[in-house]
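Asker: what would the 3D arrangement of this be:
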Amino acid sequence: MNLTDKQILNIAVPSIISNITVPLLGLVDVTIVGHLGAASYIGAIAVGGMLFNMIYWIFGFLRMGTGGLAAQAYGQKDKAEMTRILLRSLAVSLCLSTILLALQYPICQTAFLIIEASPEVQKMATLYFYICIWGAPAMLGLYSFIGWFIGMQNSRFPMFIALTQNIVNIAASLFFVFVLDMEVAGVALGTLIAQYAGLLTAILLGWYKYRFLRPYAKRCHLFEKQAMSRFFSINRDIFFRTLCIVTVTVFFTSTGAAYGDVILAVNTLLMQLFTLFSYVMDGFAYAGEALSGKYIGANDRIKFHHTVRHLFGWGTALAIGFTLLYSLGGKEFLSLLTDETEVIQASSEYFLWVLAIPAAGFSAFLLDGICIGATATKIMLHAIFIATICFFLLYYSLHSRLGNHALWTAFIVYLALRGITQALLSRKLLKDGFFSTFANKH
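Answerer: Reported below is the predicted structural model:
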């Protein structure tokens, strides 16, 4: 294994581990309330968790934008800029979290106008929301830290943070629920404490590992007009890109529900296989983000192109591997998730779409990472916009004849178009344009 592959895996593997641990926070909460004796407890955690997932997903631009900028500063070996990027991102995350806290009441009330839930579930989910919303500063601050760590070629710290959060969440939630008998409030409080434990871990790790940057914090010019303009331009593009992804995801779920409970269950189970694939590919996207940003910052065209080639080598191998894995054991995996015979039988009709996911989707993940590292966020935005428009056009032109197959057709084409469009739009930039564009900005 050569040096480039080692660098890719050094970032990708810890990132994959971090990604896999993320759902455990929600799973632990559901498991704990699942032993309290009422289905409404599970419903409350599910609704509250979904609401926060949507909120924090939208603010994911903080992680991505910070990561790309930090990687370029790292490549330039510009210690002052590395420091400014982290502090600037943390300042923005603090402002955004303050807005969320100030608007918590209208956000909650609006959410429950959209989300249908029984009075009991709504009451407990509201309690869960009003406790967990105070974790917004911690969560958005963590986005800044995690993006910055990845940009600094360090994906082990985000892994340590994720593991710390899960351990604290399990211990705190069990204590509050089963010792203090706090029920849903105890689960929410455990989640809140885990979020701040994660932030504290990030601060301590960063303070120790990057102590050589401390002197630069004293003479930082955080809010320079040009730097702030670039920061917000990058994050604006990522924000609107995320809105497109959220729109497609929500539409996919809600439209599947319109076809009945069985189809909704089938789509939900099959999407778990997409989620599993995305956790792995995101790890390699993070590697693409960190390494491409570093080499663009260092103005090293040869290593940049070498890294891109190796990333696509890994992506192709993973696409083939996941296709084989799903073709051989995918149906058995579904049987582990449910014992509902009707759902398992119905999933057979749509299982071929799952086999198309790896080949259709791997390039989109990798090019997302490369474009974030290059801060070429307009390419990402244009690609996702075109893919989203085609998703809806294709679905509405086919749904009357194909039903749920139209939904899957549109989704697979949407995945493929993201990668194809990004490849076409970035073809010139993948040669020398990233470097000339970067040079013009500095």
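Asker: OK, contacts around the nearest residue to Ile133 once chain neighbours are set aside?
Answerer: Nearest residue to Ile133 in three dimensions, chain neighbours excluded: Gln104, at 4.7 Å (CB to CB, 6 or more residues apart in numbering). (C-beta placed from N, C-alpha, C; glycine too.) Gln104 makes contacts with Phe129, Tyr130, Ile133, as judged by CB atoms under 8 Å, 6 or more residues apart in numbering.
Asker: same thing but 10 Å
Answerer: Gln104 sits next to Phe129, Tyr130, Ile133, Trp134, Ala136 when contact means CB atoms under 10 Å, 6 or more residues apart in numbering.
Asker: same deal with Arg309?
Answerer: With contact taken as CB under 10 Å, 6+ apart, Arg309 is in contact with Thr4.
Asker: now the one helix or strand it maps to: buried residues?
Answerer: Under the criterion of DSSP states H and E, Arg309 resides in helix 301-337. For helix 301-337, burial by neighbour count (16 or more other CB atoms under 10 Å) applies to 303-304, 306-308, 310-312, 314-315, 318-319, 322-323, 325-326, 330, 334.
Asker: roughly how far is stretch 375-392 from the heart of the chain?
Answerer: 17 Å (CA atoms, centre = their mean, to the nearest Å).
Asker: list the buried ones in that stretch?
Answerer: For stretch 375-392, by 16+ other CB under 10 Å, it's 375-377, 379-381, 383-384, 386-388, 390-391.
Asker: was I right to think Thr31 contacts Asn169?
Answerer: No. Counting by CB atoms under 10 Å, Thr31 stays clear of Asn169, with 11.1 Å between them.
Asker: more neighbours: which of these two?
Answerer: Using other CB atoms under 10 Å as the criterion, Thr31 and Asn169 rank with Asn169 on top: 25 against 14.
Asker: how close does that one get to Val248?
Answerer: To Val248, Asn169 is 30 Å away according to CB to CB, to the nearest Å.
Asker: got it, and Gln109?
Answerer: Gln109 is 26 Å from Val248, where distance means CB to CB.
Asker: neighbour count winner among these two?
Answerer: Each of Gln109 and Val248 has its neighbours counted (other CB under 10 Å); Val248 has more, 20 against 10.
Asker: name the element that one belongs to?
Answerer: Counting by DSSP H and E, Val248 is part of helix 225-258.
Asker: Ser348 - nearest residue in space that isn't next to it in sequence?
Answerer: Distance criterion CB to CB, 6+ apart; nearest residue to Ser348, sequence neighbours excluded, is Lys331 at 7.3 Å.
Asker: cool, Ala298 as well?
Answerer: Gly75 (3.8 Å).
Asker: that neighbour contacts Thr375, doesn't it?
Answerer: No. Using CB under 10 Å, Gly75 makes no contact with Thr375, being 11.9 Å away.
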